[in-house]
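Engineer: I would like the atomic coordinates for the input below:
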Amino acid sequence: MMGWVLTIVMLLVVVEWVDGNETSLGGRGFGDEFSWKSWKDGIAEAEAQKKPAMLLFHSASCGACHALGRVFTKSRKLLERSEDFVMINVLTDKNEVPTEDKMFQPDGFYIPRIFFLDPLTQKPMMDIVGNNKQFKHYFSSETEVLAVMKKAKEKSETLLASNAGDVSGETAEGEEQTDEEDEGEGSEEL
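Structural biologist: Here you go, the predicted structure:
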């Protein structure tokens with residue numbers, strides 16, 4: 001009897017620790033080796049690090065999601081490429097993202113869906129899509145996912161580089177502008 005009680009207590013402690021520990025999200029069928037984050041933690045990390053995010057929407061009861069999960073689980077290339085992103089894993093059947101947020105449903109509600117988030121705004125880069133005309137954010141193969149990850153990384157690098165130039169106060173010739181020069185140029189209202 002004492003053994004059963006001890007086992008149950010230990011199980012409850014482990015379950016409570018896992019539920020409260022966001023870093024132990026796990027792969028949820030998409031590879032435990034990936035550094036998956038929850039919606040909240042992933043957005044915060046992407047914002048803090050100015051890093052693009054890959055946002056995966058899926059369901060525990062979806063056959064296409066399970067098939068894509070096997071693609072992720074088996075792919076070393078996807079694991080390597082994932083290092084360039086904050087990887088966000090959202091189960092749609094657990095309401096882990098606000099349902100009123102329609103920006104992630106530009107072509108309807110379907111799963112699995114993958115979006116890439118701008119490293120500066122954490123908004124979806126809507127031009128990073130797949131070849132499926134009806135379901136633009138649906139991917140079913142390693143090749144498809146790797147291709148859009150490459151596009152998202154390149155676009156993110158361009159966005160970050162252009163923002164770095166804007167923030168530094170440098171002119172096109174690489175010279176620093178003074179505050180007086182900034183006030184005089186481009187102050188015309190549209």
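Engineer: wait, what's in contact with the residue lying closest to Pro124 once chain neighbours are set aside?
Structural biologist: Using Cβ to Cβ, 6 or more residues apart in numbering and skipping residues adjacent in sequence, the residue nearest Pro124 is Phe115, 4.5 Å away. Any C-beta I mention is one placed from the backbone N, CA and C, and that applies to glycine too. Contacts for Phe115 (Cβ atoms under 8 Å, 6 or more residues apart in numbering) come out as Met54, Leu55, Phe57, Phe104, Pro124, Met125, Ile128, His137.
Engineer: Do a quick rundown of the strands in the chain.
Structural biologist: For the chain, the strands defined by DSSP state E cover 36-37, 53-58, 86-91, 113-117.
Engineer: would you list those in TSV and tack on mean pLDDT?
Structural biologist: Listed next are the strands of the chain as TSV, based on pLDDT from 0 to 100:
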stretch	mean pLDDT
strand 36-37	94
strand 53-58	94
strand 86-91	93
strand 113-117	94
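Engineer: In CSV: those strands, plus distance to Thr158.
Structural biologist: Converted to CSV, the strands of the chain look like this (distance: least, Cβ to Cβ, whole Å):
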stretch, distance to Thr158
strand 36-37, 24
strand 53-58, 16
strand 86-91, 18
strand 113-117, 13
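Engineer: Which one of the contacts of Phe115 is nearest to Trp39?
Structural biologist: Leu55 (8.1 Å; Cβ to Cβ).
Engineer: In this protein, where is pLDDT below threshold?
Structural biologist: Residues of the chain that meet the criterion pLDDT under 70 lie in 1-25, 95-101, 166-190.
Engineer: quick one, longest helix in it?
Structural biologist: Across the chain, the helix with the greatest residue count (assigned by DSSP state H) is helix 142-168.
Engineer: tell me what that one is packed against?
Structural biologist: helix 63-74, helix 76-81, strand 113-117 (3 or more Cβ pairs under 8 Å, 6 or more residues apart in numbering; DSSP states H and E).
Engineer: Distance of the residue lying closest to Gln49 once chain neighbours are set aside relative to Gly63?
Structural biologist: Counting by Cβ to Cβ, 6+ apart, the nearest residue to Gln49 once its immediate chain neighbours are dropped is Val86, at 7.0 Å. Relative to Gly63, Val86 is positioned 27 Å away (criterion: Cβ to Cβ, to the nearest Å).
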